[in-house]
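J.: Next input, structure requested:
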Amino acid sequence: MWHHQSTTTVNNSHLFLSFLLLLYSVETSFDPSVTMRWMSEHWNVAFLTVTVYVALVFGGKAYMAERKPWNWRNHMAAWNLLLSVFSTWGFLRCLPHLLHNFVNMSFRDNFCVAARTTVGGGSTGLWIFLFTISKFP
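T.: Residues are numbered from 1 along each chain as shown. This is a model prediction of the structure:
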């Protein structure tokens, strides 16, 4: 007896494969000089963002002082799951390059040479950039 996959399963598989191919093309074409140039030209964004962040932390604390706590248990669980998936995927994308560098470069080169030289662009550069930016408030 023949079993046919449902159209939904085939479409979901195709959609997931398309997503992975898009992600791969973004990874391989990542050029850190573009982001570094933008960050150099827009350094004031960091100060503005931190100022807004601090205002929201202290303002939010004052705002919630007399109010009932929000029940965000499920939202926080979902957020933590997304962070875990993000960190694991980034680690898995960087590990091969890291191992390659440890095997083929000296201890000094691994730790003292500019990251632009040892990591550069591509998937490893993108995931290190995303990890770094994810620490921004």
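J.: C-terminal to the helix or strand of the chain with the lowest mean pLDDT, what's the next element?
T.: Scoring the helices and strands of the chain by mean pLDDT, DSSP states H and E places helix 7-28 at the bottom, with a mean of 75. The helix or strand immediately downstream of helix 7-28 is helix 32-41, counting by DSSP states H and E.
J.: ok, the closest residue to Phe30 other than its chain neighbours to Val52 distance?
T.: Using C-beta to C-beta, 6 or more residues apart in numbering and skipping the chain neighbours, the partner closest in space to Phe30 is Leu126 (3.9 Å). For glycine as for every other residue, the C-beta is placed from the backbone atoms N, C-alpha and C. Between Leu126 and Val52 the computed distance is 26 Å (C-beta to C-beta, to the nearest Å).
J.: More neighbours: these two, which one.
T.: For Leu126 versus Val52, the count of surrounding residues by other C-beta atoms under 10 Å is larger for Leu126: 23 against 12.
J.: May I have stretch 97-111 as PDB, with CA atoms only?
T.: Only the C-alpha atoms of stretch 97-111 are listed here, as PDB (Å, rounded to 0.1, in the frame of the first residue of the first chain):
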ATOM      1  CA  HIS A  97      36.200  27.300  12.200                       C
ATOM      2  CA  LEU A  98      37.400  27.500  15.800                       C
ATOM      3  CA  LEU A  99      38.800  24.000  15.700                       C
ATOM      4  CA  HIS A 100      40.400  24.700  12.300                       C
ATOM      5  CA  ASN A 101      42.200  27.800  13.800                       C
ATOM      6  CA  PHE A 102      43.400  25.900  16.900                       C
ATOM      7  CA  VAL A 103      44.900  23.100  14.700                       C
ATOM      8  CA  ASN A 104      46.400  25.300  12.100                       C
ATOM      9  CA  MET A 105      47.500  28.500  13.900                       C
ATOM     10  CA  SER A 106      49.800  29.100  16.800                       C
ATOM     11  CA  PHE A 107      48.500  29.900  20.300                       C
ATOM     12  CA  ARG A 108      49.700  33.500  19.900                       C
ATOM     13  CA  ASP A 109      47.900  33.900  16.600                       C
ATOM     14  CA  ASN A 110      44.700  32.500  18.000                       C
ATOM     15  CA  PHE A 111      44.600  35.000  20.800                       C
END
